[in-house]
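Student: Everything below, folded, please.
(chains A and B)
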Number of protein chains: 2
Amino acid sequence: MDIQNLRWWGWGTLDQSFDLKGRTAFWPGLERMLELPTERESRPPVTLEEITLRPTRLDDRRLTSLRKLLDDGAVFTDRRARVEHAYGKSYRDLVRVRAGYVPHPPDAVVYPTDENQVAALLAWAADSDLAVIPFGGGSSVLGGVEPQPGDRPCITLDLARLDGVLSVDPISRTARIQAGATGPEVEAQLNTQGFTLGHFPQSFEFSTLGGWIVTRAAGQNSIGYGKIEDLTQAVRVVTPVGIVETRDTPATAAGPSIRRLMVGSEGTYGVLTEATMRLHPLPEVQDYRGLLFRTLADGLAAFRDLMQSGLHPAIVRLSDPPETAAYALMSHEHHGLRALFDKVLTGYLGFRGYGLDGSCLMILGFDGNPDEVEYRLNLALEICRDHRGLHLGRSLGRSWKRDRFAQPYLRDDLLENGVLVDTLETATTWSNLTSVYQAMTAAMKSAIAATGGGPGVVLTHVSHAYPHGASLYSTFLGRQTSPDPLENQEQWRAIKRETTEAILAAGGTLSHHHGVGRDHAPWLEEEIGPVGMKVLQTLKQTLDPTGIMNPGILLPS
Amino acid sequence: MDIQNLRWWGWGTLDQSFDLKGRTAFWPGLERMLELPTERESRPPVTLEEITLRPTRLDDRRLTSLRKLLDDGAVFTDRRARVEHAYGKSYRDLVRVRAGYVPHPPDAVVYPTDENQVAALLAWAADSDLAVIPFGGGSSVLGGVEPQPGDRPCITLDLARLDGVLSVDPISRTARIQAGATGPEVEAQLNTQGFTLGHFPQSFEFSTLGGWIVTRAAGQNSIGYGKIEDLTQAVRVVTPVGIVETRDTPATAAGPSIRRLMVGSEGTYGVLTEATMRLHPLPEVQDYRGLLFRTLADGLAAFRDLMQSGLHPAIVRLSDPPETAAYALMSHEHHGLRALFDKVLTGYLGFRGYGLDGSCLMILGFDGNPDEVEYRLNLALEICRDHRGLHLGRSLGRSWKRDRFAQPYLRDDLLENGVLVDTLETATTWSNLTSVYQAMTAAMKSAIAATGGGPGVVLTHVSHAYPHGASLYSTFLGRQTSPDPLENQEQWRAIKRETTEAILAAGGTLSHHHGVGRDHAPWLEEEIGPVGMKVLQTLKQTLDPTGIMNPGILLPS
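Tutor: Predicted coordinates for the structure are as follows:
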């Protein structure tokens, strides 16, 4: 790994960006829907050099001790390292860093090479009363890696050097993997041995195994491969009071699950250094199809039947009518959903009652060996037909797969154009799904309008599901009310607050796979109750008695 | 429910018993294998009236308060109620109660009718410094419901009156069920609505939903339907410091799982009063087959392939050669495995290399709709053929299903004949399974011999499995060295100790589905480490600050 690789979305510095060439309907459509002024002042990000950074609060004595604990070249206090580790990748983070607003950067960024260095660092930090923030890919969208304001200096512990697959057990289909391995690093090392972890979150290129586990992440194929907690067989966590290691066993009845306490702990109990993960064989084929449903109700009914059918698809992803229309808007003029509609099917589809106003796009895919995939896919398509699902063939499945990690890159363009954009997600039971969907999307729309952000657009999909319920994932867009990063934050905060309260009141969970971090912490008590909070507070006190680990995360400060 | 129904195995008081008629080879075979004297003194149990019981230590004032808290007729201090609730159902429990050795019975047994009464009782008990033991079916085999010796009086809280399915959500396929519902009560109420929980432990007839959840149980169909923790969507637990209620959601990322802390807590944090459970539709067909493998290695290879195939059988159960031979020994002379061998297949099987000395019996079954079951079963049988598995047809599958809950009843006869019999179980990864199997069975055999119990017999099967590993379940039999219950306990304890240490040293988990209770508590630290123990101690202190809940369970006293 290159530890000085600038891992940053929304800053225009990555090699890859969202390619809008050929997607000619995108900006005109967005301007119309968001009521954006057609003459817009561009809002480009500041350069790194323009950011004024508070000097590190670690004096030379402390920095020298720190350098002694770790390897040469493992301790950074330069502007670039500190800015890169000051925030996660939420909308709120991007508006702040793009404006050069970085009042609370970490005082140093360190890159330990092994577990002993991690343990030594925590002991030293506890002695020195320094906060420590474990940092994987830094793709938190809930402030999960952001230093706590205040007088206590803070060290960000970047796990990038712990990036190896330590061993693969092909008989048991498990692998011991270090926490700092990114998605591509995990997959590259496993693929050579014929396996995959099957965990592909949208942040796949940057996020890490440890980050996935401590935030209870879900990949885009979670339906087929499982949420990260289901993929995690055992963990090893360095806490300030010692190492927690859980037994490598597929199941146990040895008391309450310590493993499940570490999953979701968001770096507040210690540093997860490695985990034993459950693997799947690399699928021989992946067959992903597009389908169109006349109404959201039809699509949801088909989705539920698929999840309760025992057919085990690898992916099912249903977009609501606004998101389906947005796909068409965003698609390339010569291929993609829009081309399908514009050039081939419009008349036919309209005649049969499908249109871009009310129809819902589904991506449905199976992974496995060819015979199995064919058998299951046919049964699944039959289920979809029972709900008037129209099979659109393979091309949309392919284009979805090609672009699956691309959307976050679009934020550069949106922010540059004064567009507010963020996502919120939840989960609930099937019987409660429509009710949460309505509460969530209505709250977003009305909150955007109330902040002066215009009519707003809310695009929602269901993409993680179970026999007993599903998640809802909404992207909301509106007009920024100001170029000022603090005002942008306030606008965003108001929408977030209204929507989160609507989700919880409707019975949805606080988060299905983003986690809690700093942004959701005020609502955690509503989710788990006062006794649940007491449990988490006690655990924090037990495992991190001096409170050095990622302060302000999970528990409100 | 009839709260005065004597729920007792091993005491000869149940309507049902293990019918040995026609199983003519059983006793001669057992006599030979265990080297039992053919002339044996019968060791019948004492009658209830013969048991001398310490009077209740609750004075009239306390009993009056207790009766005020609960309904009329909800407080029992009679001999029968107190003896019935003094022990679980382990071998150690049976030898003690059959000998009339009951030095530490509960001082009262109470039957609350709702959650408010449970909460009031806990508050009152904390004030009065009384221990409270939540009691479901009382089928713990690890001392999980046994009062702690000592001066503090103890109340057993039997949940038998909380036995209802409160509501069924057919869309989400979930149901809210009260903790005291037994297996038949759960299934009867769900079946009328077309659903099943699919949880069929051997104790199914007596054990309860709450007991299953707090001990992390697994049913005989756990391969198809999931272990109880996977079937549990949300829980409600009355603790001494308030109610813990987790959100009814199929998944969440809202911090470490509070639900998973309550699962496996064995009544030490509070009383689980209800849970939202994940249901399955009642299968249209259940097709269970018998197969024979030449060697254990062949059978295990087929089993692993089945679990990693994605075919999702409802049940796979592989007996090792000794257990396979024992099935033949125990089977009816005119049907069952023995008849198959004796009368039809011996010559043919012997010719092809199968015999009762080294072969392994597998039960393989699928649940579902007829087409799906046929498709999957055929692929599964193909996998078995690849490992030289010989298909024996449906009859063995049927007889296994018929007798699936019967074996514990046999203990009456065995104990009456001076036979020591108990079970131990664990789980590990596929790659480590043979090594744990060898360590576990060898430790049992040598420990039985070392205690003077003769050559002993160890019968093992693999019946709960996952893509990444499986459990091992061993029944061990030997000669009791004495009619004295205390000596029987010591003999049993020595075998248990040697075997548990061998399991842990080989990398197996302390328990796959029996739990920890009192008997495994000394080894919990080896399983979860000193930091894990600190976590559990802190949780106990937080949720039960006066230590009234099931003292001595999970954490060594």
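Student: which parts of the stretch 51-200 of chain A sit against chain B?
Tutor: Contact residues (CB under 8 Å from any CB of the partner chain) of the stretch 51-200 of chain A with chain B: A:169, A:171-174. In this view, the C-beta of every residue, glycine as well, is placed from N, C-alpha and C.
Student: In helices, which of the residues you listed appear?
Tutor: Taking DSSP state H, every one of these sits outside helices.
Student: Next, give me the two most distant ones among those residues.
Tutor: A:171 and A:174 (9.0 Å; CB to CB).
Student: out of those two, which sits in the more crowded spot?
Tutor: Neighbour totals were compared for residue A:171 and residue A:174, and residue A:174 leads with 27 against 16 (other CB atoms under 10 Å in any protein chain shown).
Student: Now do that one, the pLDDT please.
Tutor: At residue A:174, the model reports a pLDDT of 98.
Student: show me the residues around it that make contact.
Tutor: A:168, A:233, A:248, A:276-279, B:429, B:468 (CB atoms under 8 Å, 6 or more residues apart in numbering or on different chains).
Student: Which member of the residues you listed is positioned nearest residue B:522?
Tutor: residue A:248 (21.9 Å).
Student: If you drop the residues flanking it in sequence, what lies closest to residue A:100?
Tutor: residue A:46 (3.9 Å; CB to CB, 6 or more residues apart in numbering or on different chains).
Student: is it true that the one you found touches residue A:101?
Tutor: No - Residue A:46 is beyond contact range of residue A:101, at 9.1 Å (criterion: CB atoms under 8 Å).
Student: These two: which has the busier surroundings?
Tutor: A side-by-side neighbour count of residue A:46 and residue A:101, using other CB under 10 Å, places residue A:101 first with 18 against 15.
Student: From what I see, the more buried one and residue A:485 are in contact.
Tutor: Yes - Residue A:101 lies in contact with residue A:485 (CB under 8 Å); the separation is 4.6 Å.
Student: in the stretch 51-200 of chain A, which spans are strands?
Tutor: A:75-76, A:108-110, A:131-135, A:154-158, A:165-169, A:174-178, A:195-196 (DSSP state E, counting those that start in this stretch).
Student: Compare those strands and report which one is nearest to residue B:450.
Tutor: Of the strands of the stretch 51-200 of chain A, nearest to residue B:450 by CB to CB is strand A:165-169, at 34.5 Å.
Student: Other residues contacting that closest one?
Tutor: Residues contacting strand A:165-169 (CB under 8 Å, 6+ apart): A:174-178, A:181, A:186, A:189-190, A:193, A:195, A:274, A:279, B:429, B:431.
Student: how about stretch A:483-492: buried residues?
Tutor: Applying a neighbour-count criterion of 16 or more other CB atoms under 10 Å in any protein chain shown, one finds A:485, A:488-489, A:491-492 buried in stretch A:483-492.
Student: Check stretch A:164-180 too.
Tutor: A:165, A:168-169, A:171-180.
Student: That one: how far from the chain's middle?
Tutor: Centroid separation between stretch A:164-180 and its chain, computed with CA atoms, centre = their mean, to the nearest Å, is 23 Å.
Student: pLDDT below threshold where in the stretch 401-550 of chain A?
Tutor: Counting by pLDDT under 70, the stretch 401-550 of chain A shows no low-confidence range.
Student: can you give me the strands for it?
Tutor: Counting by DSSP E, counting those that start in this stretch, the strands of the stretch 401-550 of chain A are A:419-429, A:457-462, A:465-466, A:469-479.
Student: Dump these to CSV, plus distance to chain B.
Tutor: Shown next, in CSV, are the strands of the stretch 401-550 of chain A (distance: least, CB to the nearest CB, whole Å):
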stretch, distance to chain B
strand A:419-429, 4
strand A:457-462, 12
strand A:465-466, 4
strand A:469-479, 3
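Student: among those strands, which is nearest residue B:122?
Tutor: Closest among the strands of the stretch 401-550 of chain A, once you apply CB to CB, is strand A:419-429, at 30.0 Å.
Student: Show me what that closest one packs onto, helices and strands only.
Tutor: helix A:91-98, helix A:410-416, helix A:433-450, strand A:469-479, helix A:485-505 (3 or more CB pairs under 8 Å, 6 or more residues apart in numbering or on different chains; DSSP states H and E).
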